[in-house]
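**Student:** Provided below for reference: sequence and predicted model.
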Amino acid sequence: MGWLTGSDKPEKEEVHIGFMPLTDCAPLVMASVLELDKKYGLRFVLRREASWAGVRDKLASGALDAAHALYGMIYGVQLGIGSAPRDMAVLMGLNRNGQTITLSKALAERGAVDGPSLARLMQSDERRYTFAQTFPTGTHAMWLYYWLAAHGIHPLRDARTISVPPPQMVANMRAGEMDGFCAGDPWGRRAMLDGVGGVSIPTQEIWPDHPEKVLGCSLSFVQEHPNTCRAMVAAILEACRWLDTNREQMADVLAAEAYVNTSKEAIGGCGIAFHDDGEANFPYLSDGMWFMTQHRRWGLLKEDPDYLSVAKAVNQICIYQDAATMTGTPLPHSVMRSSTLLGGAVWDGENPQAFAAAPAMCTDSVQSCTAT
Amino acid sequence: MNRTSLRIVVVNTVIRAGEEGNPALAAQAERARVLRIGLLEAGYDIVASLPPDIYLPERIAQLQPDMIIVDAESDARDVLEHIVIATRDERRPIVMFTESDDADSMEAAMSAGVSAYIVAGLHSERIKPVLQVALARFKREQKLLDELSDTRHKLAERKVIERAKGLLMARQSFTEDQAYQKLRTLAMSKNLKLAEVAQRILDVEDLLG
């Protein structure tokens, strides 16, 4: 991949980008506020959305050109989980980490302050425990399920898990109806600041430097507007780079009503990284594949897909490489990366079927930590 | 089912403490109010008007409504998503309502998602025909999905029979017709379907190599 010269003018200059009011929408917001979109010949029109389902439908219908999206959700749409299947694209990662699993104050007061102590409490004090995540195929659901399973708790059989919007998670926890939730910043901090949460566990304990939100769009949008997509990624890459060293200003901007609409102190970001020299942005195939293995693990997919082919079709590596070159962002030397997850399993993109079927971290207290 | 027996659950917009001044939420709440009136005037049975909280999935499971209606701009949609996936094998139409009269985005939305339809505008006399259309579309799509599944199943069976025939032709030097007759005879004598006998032959082949 070299420079693309000649007609690389964006096909479409005005780009409608959806976002949800979370700290990790920052790359999109800052790209607009710092006028980085204009630098690359674009004009971002940011639209705040109320639900992930709404984001998904608007990406599919074209009402949105691109969006701040849960990595897992894009693959869920691709494979038709909960909606008609639709060819989708991941243009870049927007961030790593920055999410939390928050356990209620009531649980903490009874000694449940981490995975092992939660598992012990759930065994000794048997009742129905309720945990929430943001979207059934999304990132938070997969972090929550992986974490519970790693401590011997089957997320679908040993507890009630449900999708609710983050403001409700905090309200339900305050009312004593929610034992724990996994959501993005600022919600974990919000719960702790309000005295409702007992302990907030950063998701990087599950997978250090895990992928999280992505810039997603439909595949047809990329195919019809490759120059626009390239320029979009370049603008947002520069915003990501700025964000890694300008957190104060970020909080100032995001706290506003138009964006995340919360207090500055809640917007912190638990170890969130937006750039990390491009490491947080490269659309590793192994990252996309991981979500599919987890969808399979929990029965959201009834059969193994062709993991590698799907990831190759969805993750737009070529467009990203061009944009990285344009912005002087370093590129990794492989489309796969290797990580060691909580419990010791190594995920490197090899043997996805085996990874989906045989997670090695369940203890003997549950029969199996898969859906079947 | 006729319209007066259609059991509908409406998912509400919840306005939480501190959000009273939010104009988007106020607009949603007003839409919901007009919708409920319209549904009642049209003779529909609103079985329940539920908040999108942690108990929604259970309540829906208990009530078993024929249709769920929710505001397209509501954060309740993510709670419903959970229900959609959990009840994949017993689907019901989810109708979304919105102010937007944009025919293009309605069409696109309908082609994007099998179980979602948009009601544009909320004049009560418009609700009845739209719901009827939504229900009819849903039933037609369910029928198509069932037919598709049936066709796939039949195709898979056909392939198995062809392979078994091929096997018999190769091993026993049968003609195609002889192989077919052999399968038929075996199926009848064992009171099995043709495809089942064929599968058994393939299984034995696998076993014995």
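**Tutor:** That came through, no problem. Treat the numbers as computed from the prediction; the structure is a model and nothing was measured. Numbers count the residues shown, from 1 in each chain, chains lettered A, B, ... in the order given.
**Student:** need the contact partners of stretch B:46-61.
**Tutor:** A:130, A:132, A:162, A:164-165, A:168, A:172, A:177-178, B:7-12, B:14, B:36, B:39-40, B:63, B:65, B:68, B:70, B:74-76, B:79-80, B:82-83, B:86-87 (Cβ atoms under 8 Å, 6 or more residues apart in numbering or on different chains). C-beta: built from backbone N, CA, C; applies to glycine.
**Student:** same thing with stretch A:336-353?
**Tutor:** A:146-147, A:150, A:205-210, A:284-287, A:289-290, A:292-293, A:304, A:307-308, A:355, A:359-361.
**Student:** around chain B, which positions in chain A sit nearby?
**Tutor:** Chain A has residues A:50-54, A:57, A:60-63, A:81-84, A:86, A:130, A:132, A:134-137, A:162-165, A:167-168, A:171-172, A:177-178, A:300 near chain B, with proximity defined as Cβ under 8 Å from any Cβ of the partner chain.
**Student:** in strands, which of these appear?
**Tutor:** A:130, A:132, A:162-163 (DSSP state E).
**Student:** can you add pLDDT, distance to A:Thr228 and neighbour count and give these back as a markdown table?
**Tutor:** Listed next are these as a markdown table, based on pLDDT from 0 to 100; distance: Cβ to Cβ, whole Å; neighbours: other Cβ atoms under 10 Å in any protein chain shown:
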| residue | pLDDT | distance to A:Thr228 | neighbour count |
| --- | --- | --- | --- |
| A:Thr130 | 97 | 43 | 20 |
| A:Ala132 | 97 | 36 | 29 |
| A:Ile162 | 94 | 38 | 26 |
| A:Ser163 | 95 | 32 | 29 |
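**Student:** can you point me to the longest helix in chain B?
**Tutor:** Criterion DSSP state H: the longest helix present in chain B is helix B:124-172.
**Student:** which stretches of chain B aren't confidently modelled?
**Tutor:** The model of chain B has pLDDT under 70 over residues B:1-4, B:17-18, B:99-124.
**Student:** do a quick rundown of the helices in it.
**Tutor:** B:23-41, B:56-63, B:76-86, B:103-112, B:124-172, B:176-190, B:194-208.
**Student:** picking that back up, tell me the gap between the longest helix of chain B and the middle of its chain.
**Tutor:** 13 Å (Cα atoms, centre = their mean, to the nearest Å).
**Student:** tell me which residue is most central in chain A.
**Tutor:** A:Glu212 (2.8 Å; Cα atoms, centre = their mean).
**Student:** quick one, phi psi at that one?
**Tutor:** phi -140, psi -90 (degrees, to the nearest 10).
**Student:** what pLDDT is listed against it?
**Tutor:** Note on A:Glu212: pLDDT of 98.
**Student:** how about A:Ala251?
**Tutor:** 90.
**Student:** that one: neighbour count?
**Tutor:** 21 (other Cβ atoms under 10 Å in any protein chain shown).
**Student:** now, which of the contacts of stretch A:336-353 lie within helices?
**Tutor:** Using DSSP H, these in helices are A:146-147, A:150, A:285-287, A:289-290, A:292-293, A:307-308, A:355.
**Student:** columns pLDDT and distance to A:Ala324 on top of these, output as a markdown table?
**Tutor:** Formatted as a markdown table, these follow (pLDDT from 0 to 100; distance: Cβ to Cβ, whole Å):
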| residue | pLDDT | distance to A:Ala324 |
| --- | --- | --- |
| A:Tyr146 | 96 | 30 |
| A:Trp147 | 97 | 32 |
| A:Ala150 | 94 | 34 |
| A:Leu285 | 98 | 16 |
| A:Ser286 | 98 | 18 |
| A:Asp287 | 98 | 16 |
| A:Met289 | 98 | 21 |
| A:Trp290 | 98 | 22 |
| A:Met292 | 98 | 25 |
| A:Thr293 | 97 | 27 |
| A:Tyr307 | 97 | 25 |
| A:Leu308 | 98 | 22 |
| A:Phe355 | 94 | 28 |
